[in-house]
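Engineer: have a look; sequence and predicted model below, questions after that.
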Amino acid sequence: MTKIITKWTVFVLFTTIYERKLRVKTIDFNLTSLYILSGDSMKRMGNILEDAKQKKYAIPQFNINNLEWTKNILEACQKENSPVFLGVSTGAVKYMGGYNVVRQMVDGLIRDLGITIPVILHLDHGTSVDECKKAVDANFDSIMIDASHYDLETNIKMTNEVINYAKDQLIEAELGTIGGTEDEVTGNLQFTKLDDAIEFIKNVNIDLLAPSLGSVHGLYKSKPDIQFDLMNQIFNAVNTPLVLHGGTGLSDEIIRKSIRLGICKININTEFQVAWNEAIRDFINKNPNEYDPRKIISSGAAAIRDVATQKIHLLGSNNKG
Ligand SMILES: [Zn+2]
């Protein structure tokens, strides 16, 4: 990877688990950062999805917004020995300065904090093929192309454009429309049709499918109504690891049942925001004269770590790193 000072170049021959064609990859790696850059870890990245599918646990996707969230999430995941997708929306990318900033921040933290768990830097809801290409160019590990608001044919076409441009990245795509609002993503819930899912998977070689099954982004305005039968039918028909977006506000029971039915990755974003917000407000109220930014911002750290730890145990990803 060009972002790191190249010391060695290795040629790693590998196949991914989802019948991707045999490819020869060139991976540059730095000896001080063997985990994230070695061929072995690239294989582990794909293998953890298969492991999750077989052993019936889900890998968390925790969305990040800044250095502090990333640091605390990584430390919590390392403590629990859990693999993690670090989700970054296009809005969060813009906020932090760009794709390269995010990639290098994550790499720096992995190295300086001695993080050894699989860390998969993931573009969440890539809103266009161009955005996805930028994430590929910055060496993100995983890309979600969200063309779900287009018709099936266009969704297939756009998803394939990203697949063809990607190097070794995992690819996630959405089908149907997940409702609610989160960051810059707003959708009117439209359930995924089983026939569409079958047709979609026949035409795109993706690693993760995010169907719309009743979960929504942001906070739920009414009781979540998850279509478990549809979830089960889709998973049995396509056998692709499924992603559940809108994990905030779903009961533990819903999450456990979803994992039993084929959900391998669960995205959690809003819950961190709510917990962090409460902690920060509480600190500021109790310490009105405090002006040290590090003290103010870090007063939300425990809340971030607590949410991460609790979700890791709920998803069963602890000790799977
Ligand atoms: Zn989402």
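Structural biologist: All right, it came through fine. In this text, all values refer to a predicted model and were calculated from it rather than measured experimentally.
Engineer: and stretch 95-109, which residues are buried?
Structural biologist: By neighbour count with 16 or more other C-beta atoms under 10 Å, stretch 95-109 contains the buried residues 96, 99, 102-103, 105-107, 109. To be clear about C-beta, it is placed using only N, CA and C from the backbone, and glycine gets the same treatment.
Engineer: who touches that stretch?
Structural biologist: Stretch 95-109 is touched from outside by 3-4, 33, 36, 64-67, 70-71, 74, 86, 88, 92-93, 115, 119, 121, 134-135, 137-140, with contacts defined as C-beta atoms under 8 Å, 6 or more residues apart in numbering.
Engineer: which members of those are positioned in strands?
Structural biologist: 86, 88, 119, 121 (DSSP state E).
Engineer: among the residues you listed, which pair sits farthest apart?
Structural biologist: V88 and V119 (12.2 Å; C-beta to C-beta).
Engineer: return the helix or strand in this structure with minimum mean pLDDT.
Structural biologist: One helix or strand of the chain scores below all others by mean pLDDT, DSSP states H and E: strand 23-29, with a mean of 34.
Engineer: low-confidence ranges in the stretch 151-300 of the chain?
Structural biologist: Counting by pLDDT under 70, the stretch 151-300 of the chain has low-confidence residues at 184-185.
Engineer: for it, just list every one of the helices.
Structural biologist: In the stretch 151-300 of the chain, helices defined by DSSP state H, counting those that start in this stretch lie at 152-165, 194-203, 228-238, 252-260, 270-286, 293-298, listed in chain order.
Engineer: hang on, the earlier thing: just the buried residues of the contacts of stretch 95-109.
Structural biologist: The neighbour-count criterion (16+ other C-beta under 10 Å) marks 4, 33, 36, 64-65, 70-71, 74, 86, 88, 92-93, 115, 119, 121, 134-135, 138-140 among these as buried.
Engineer: out of those residues, list just those in helices.
Structural biologist: Using DSSP state H to define helices, the subset of the buried ones among the contacts of stretch 95-109 located there is 36, 70-71, 74, 92-93, 134-135.
Engineer: any chance of those in JSON lines with distance to Y220 and pLDDT as columns?
Structural biologist: Conversion of these to JSON lines gives the following (distance: C-beta to C-beta, whole Å; pLDDT from 0 to 100):
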{"residue": "I36", "distance to Y220": "35", "pLDDT": "45"}
{"residue": "T70", "distance to Y220": "26", "pLDDT": "98"}
{"residue": "K71", "distance to Y220": "29", "pLDDT": "98"}
{"residue": "L74", "distance to Y220": "28", "pLDDT": "98"}
{"residue": "A92", "distance to Y220": "22", "pLDDT": "97"}
{"residue": "V93", "distance to Y220": "26", "pLDDT": "98"}
{"residue": "K134", "distance to Y220": "32", "pLDDT": "98"}
{"residue": "A135", "distance to Y220": "29", "pLDDT": "98"}
